[in-house]
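Colleague: Sequence first, then the predicted structure, then my questions.
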Amino acid sequence: MQQRRIRWSFRLIALVLIGFLAACGLASSPNLIHLGQSTETQDPPAVTLYFDGDPTTFAIADLTVALALFLNPSATTAQIQQTGQDIFGIQLSPDQITGSGPNPLANFDLNGDGTPGQIQDLGVALAVFLGADTPSSVNSICQDVLGLSCNVTSSAQLPRPGATPFPGSSSPSPSPAPGIPTIGVPQTINGSLTTSDELDPITLPGIFYKDDYRLTGVNVGQVIRISLISSQFDAFLGIINADNGNVIDFNDDFGGSTNSQLDLAIQSGVSYLIRARTFSEQEVGQYQLTTALVPMMPSPSPNPGSGAFNIEVEFIDNSLSSSQRSIVLQAARRWEQIITADLPDATVTLAQGFCNGGFPPVALNSRPIDDLLVQVTGARLLSGPGSPGGTIGQGGPCGPLRPAGSAFLPVPYGRIALDPFDISTLETEGALLTTVLHEMGHTLGLGTIPNWDPLLTNVGTSNPRFRGPQAIGRYNTLGGAGNVPVEIQIEGHWRESLGNELMVPSFTFGQTISLSPITAAAMTDLGFGGVNINLADPYTLPPGGFQVGPDDSEEIYYGDDIADGPYFLDPSMLERQQKVSGQFGLETYLQSRKSVESAYADRR
């Protein structure tokens, strides 16, 4: 699929070029340039195609100048500028044209076949622009975009940085091109994107200028925070595998701004490129790229004192027995041991039934909440009446988002529904507490709140992962590698390879289930303060993946247990979301982001 998508990108560019040539009456000519010059084979030591005065990159400006001179060897600066506007929709400055010199495609035989100035030679130029660096890759691209081979011989010297200028050109030889610049940790680089920069090959034929930096001086297991900030364009940050060009991670808007930020867990054997580019086509401007080491979050004092985190449990009916209610309250008190810092008080107004499943059962009118209100029933599931052996419980937050600077704090309202057909069995088997702890984890935000999705990577693939730096640190400390594995398709749970962990999608009667340091640390990543890692349950990451119980044990799947939203944003908050102007609702906002990020997601 990836190869097919890239080839169609090449073909789109070719169609534009060939269509323009055809309009000029040139596409069918076997020899496109006639200058009255000798066509004797020349054997230069190397070839360069850096026409815009910048010898370090072969960018869209170079291709524009080359094509303009190919069509008209005596083209003026104004005519070259017009070609850029007509074909590529870009405006070149005179400074970007003065380094072009005489028409190189007329003077040079780029495919090494002894005849300069043919359509195959233009194909070589286009292929090099698209990133080809070997004769075979040039021929392959020519076949894709022109429908013919460029017949590049193995001895042909392809255009490259730092090569000698064209014969007859008065331009001085360009200096050898520097390698990809590096960035260490911590470091801040003030850079700028210009129309002379290379285009991002991932989003061709779109015109997105980019700067790459090789990440150096890092150690396996470290988590690096990378930020791209610009007041002149909408920033888009990518992490690329330098060895194969695949996307490791990316971020568009961070925390409601048009800046970008992500946390990268350093893995063994991977060379990282940090890509600074724009979200929108043809944008240029200055930026600041910063790297910093993310420290492990220390645990707070076990006695936070006043202002402690509070989960208010409200039973909306008499469906749960006294003992079952006690278990629900026990689960709330357990989570209060893990999360200790107070959140800003909220005043919530929700219409009756706004959250679906009959929640809230009575409208909330300016209801003060500190810090989380959870309404609970055992009379039905949120999705329906329930059934024996099906989904055993459902939980999740709903309602108003809690803005906090560059992110959202956890939502102040949630609900939990337990299947009435399974409650007694769960209580008898000693599994009701595990079930409520799990659903309350979703209600707090694991797998649900808007802060969860931006921390996922490889979404929709066979290897989704969670890249919250605190959870990554605990996962690696326990023997894991890289980002925390997330369950395939059910991307609101940890993967079953984490064994008897609280937030995997199943458990076995009779086994000890742990609220592990990984889940506790993830709460910090999701916006909670004062997370007490020391009070997480003892936990060992199983070396062989999910550990099943004895042969006579019963494995219980939570099923479709995540109740996520709906959410809504305060209109004043929307005004600060530059991408969401005129939209009301987080789901629409997230969908718009996904559509523009799809090209990068395809290359993961």
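Modeller: It's in.

Colleague: what sits against residue 388?
Modeller: Counting by C-beta atoms under 8 Å, 6 or more residues apart in numbering, residue 388 makes contact with 421, 422. C-beta here means a position set from N, CA and C on the backbone, and glycine is covered the same way.

Colleague: Buried residues in stretch 244-264, which are they?
Modeller: If you call a residue buried by 16 or more other C-beta atoms under 10 Å, then stretch 244-264 has these buried ones: 247-254, 256-264.

Colleague: Just the CA coordinates for it, please, in PDB.
Modeller: The C-alpha trace of stretch 244-264 is given here as PDB (Å, rounded to 0.1, in the frame of the first residue of the first chain):
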ATOM      1  CA  ASN A 244      14.700   3.400   6.300                       C
ATOM      2  CA  GLY A 245      12.700   6.700   6.200                       C
ATOM      3  CA  ASN A 246       9.700   5.300   8.100                       C
ATOM      4  CA  VAL A 247       7.800   7.500  10.500                       C
ATOM      5  CA  ILE A 248       8.300   6.700  14.200                       C
ATOM      6  CA  ASP A 249       6.100   9.400  15.600                       C
ATOM      7  CA  PHE A 250       4.600  12.800  14.800                       C
ATOM      8  CA  ASN A 251       2.600  15.600  16.300                       C
ATOM      9  CA  ASP A 252       0.700  18.500  14.900                       C
ATOM     10  CA  ASP A 253      -1.100  20.700  17.500                       C
ATOM     11  CA  PHE A 254       0.000  20.300  21.100                       C
ATOM     12  CA  GLY A 255      -2.200  21.500  24.000                       C
ATOM     13  CA  GLY A 256      -4.500  23.600  21.900                       C
ATOM     14  CA  SER A 257      -1.800  25.600  20.200                       C
ATOM     15  CA  THR A 258      -0.300  25.400  16.700                       C
ATOM     16  CA  ASN A 259       3.100  24.400  18.100                       C
ATOM     17  CA  SER A 260       4.200  20.800  18.300                       C
ATOM     18  CA  GLN A 261       5.600  18.600  21.100                       C
ATOM     19  CA  LEU A 262       6.200  14.900  21.700                       C
ATOM     20  CA  ASP A 263       8.100  12.600  23.900                       C
ATOM     21  CA  LEU A 264      10.500  10.100  22.400                       C
END
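
Colleague: Begin at 38 from now on, thanks
Modeller: In the new count, where the first residue is 38, that last one comes out as stretch 281-301.

Colleague: which secondary structure element contains residue 323?
Modeller: Using DSSP states H and E, residue 323 sits within strand 322-330.

Colleague: So what's the residue count around the residue nearest to residue 495 when sequence neighbours are not counted?
Modeller: In space, and not counting its chain neighbours, residue 495 is closest to residue 501: 4.9 Å by C-beta to C-beta, 6 or more residues apart in numbering. Residue 501 has 20 neighbouring residues, counting by other C-beta atoms under 10 Å.

Colleague: Now tell me which helix or strand of this protein has the poorest mean pLDDT.
Modeller: helix 608-613 (a mean of 35; mean pLDDT, DSSP states H and E).

Colleague: Would you quantify the distance from the residue lying closest to residue 579 once chain neighbours are set aside to residue 555?
Modeller: Leaving aside its chain neighbours, residue 579 sits nearest to residue 536 (3.9 Å; criterion: C-beta to C-beta, 6+ apart). Separation of residue 536 from residue 555 (C-beta to C-beta, to the nearest Å): 11 Å.

Colleague: Just the ones of the buried residues of stretch 281-301 in strands?
Modeller: In strands, judged by DSSP state E, the following of those are found: 284, 285, 286, 287, 288, 297, 298, 299, 300, 301.

Colleague: between those, which is closest to residue 381?
Modeller: Set against residue 381, the nearest of these by C-beta to C-beta is residue 298 (22.5 Å).

Colleague: hmm, back to that, of the ones in strands among the buried residues of stretch 281-301, which pair is most distant in space?
Modeller: 284 and 298, at 16.6 Å, using C-beta to C-beta across these.

Colleague: Helices of the stretch 288-437 of the chain, start to end?
Modeller: Along the stretch 288-437 of the chain, counting by DSSP state H, counting those that start in this stretch, helices occupy 359-375.

Colleague: Where does the prediction get shaky in it?
Modeller: 291-293, 332-344 (pLDDT under 70).

Colleague: switch the cut-off to 50
Modeller: Low-confidence segments of the stretch 288-437 of the chain, defined by pLDDT under 50, are located at 334-343.

Colleague: any idea how far residue 446 lies from residue 409?
Modeller: For residue 446, the distance to residue 409 - C-beta to C-beta - is 11 Å.

Colleague: which residues touch the closest residue to residue 447 other than its chain neighbours?
Modeller: In space, and not counting its chain neighbours, residue 447 is closest to residue 482: 4.8 Å by C-beta to C-beta, 6+ apart. Counting by C-beta under 8 Å, 6+ apart, residue 482 makes contact with 434, 447, 448, 488, 489, 560, 563, 564, 565.

Colleague: What about residue 482? Give its phi and psi, please.
Modeller: phi 140, psi -10 (degrees, to the nearest 10).

Colleague: I'd guessed residue 413 sits against residue 452; true?
Modeller: Yes: between residue 413 and residue 452 there is a contact under C-beta atoms under 8 Å: 7.2 Å.

Colleague: which stretches of this protein aren't confidently modelled?
Modeller: 38-53, 55-87, 137-145, 198-215, 334-343, 443, 583-590, 608-633.

Colleague: For it, which segments are assigned as helices?
Modeller: 39-60, 97-108, 114-120, 141-144, 156-166, 172-183, 359-375, 460-465, 469-481, 506-514, 554-562, 608-613, 623-633, 635-639 (DSSP state H).

Colleague: residues touching residue 374, list them.
Modeller: Neighbouring residues of residue 374 by C-beta under 8 Å, 6+ apart: 569, 572.

Colleague: do residue 256 as well
Modeller: So residue 256 contacts residue 303 (C-beta under 8 Å, 6+ apart).

Colleague: How far does stretch 449-458 stretch from one end to the other?
Modeller: End-to-end distance of stretch 449-458 (C-alpha to C-alpha, to the nearest Å): 29 Å.

Colleague: in that stretch, what's buried?
Modeller: Buried-residue list, stretch 449-458, by 16+ other C-beta under 10 Å: 449, 450, 451, 452, 453, 454, 455, 456, 457.

Colleague: what do you get for stretch 564-572?
Modeller: Buried, per 16+ other C-beta under 10 Å, within stretch 564-572: 564, 565, 566, 567, 568, 569, 570.

Colleague: what's the span of it, first residue to last?
Modeller: Criterion C-alpha to C-alpha; first-to-last residue distance in stretch 564-572 is 18 Å.

Colleague: returning to that earlier point: would CSV of the contacts of residue 482 with distance to residue 369 be doable?
Modeller: Below are the contacts of residue 482 laid out as CSV (distance: C-beta to C-beta, whole Å):
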residue, distance to residue 369
434, 15
447, 14
448, 16
488, 21
489, 21
560, 14
563, 18
564, 19
565, 15
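
Colleague: picking up where we left off before, what about residue 536 and residue 555, which has more around it?
Modeller: For residue 536 versus residue 555, neighbours defined as other C-beta under 10 Å are more numerous around residue 555 (30 against 22).

Colleague: Assess the claim that that one and residue 532 are in contact.
Modeller: No: contact between residue 555 and residue 532 fails when scored by C-beta under 8 Å: they sit 11.2 Å apart.

Colleague: what's the closest of the ones in strands among the buried residues of stretch 281-301 to residue 367?
Modeller: The closest of those to residue 367 turns out to be residue 300 (C-beta to C-beta; 33.9 Å).

Colleague: what sits against that closest one?
Modeller: With C-beta under 8 Å, 6+ apart, residue 300 has these contacts: 260, 261, 262, 263, 331, 504, 505, 506, 509.

Colleague: Can you give me the distance of the closest residue to the fourth one other than its chain neighbours to residue 261?
Modeller: Read it as residue 263. Nearest residue to residue 263, sequence neighbours excluded (C-beta to C-beta, 6+ apart): residue 328, at 5.4 Å. From residue 328 across to residue 261, the span is 6 Å (C-beta to C-beta).

Colleague: so what sits against both of the two?
Modeller: 222, 252.
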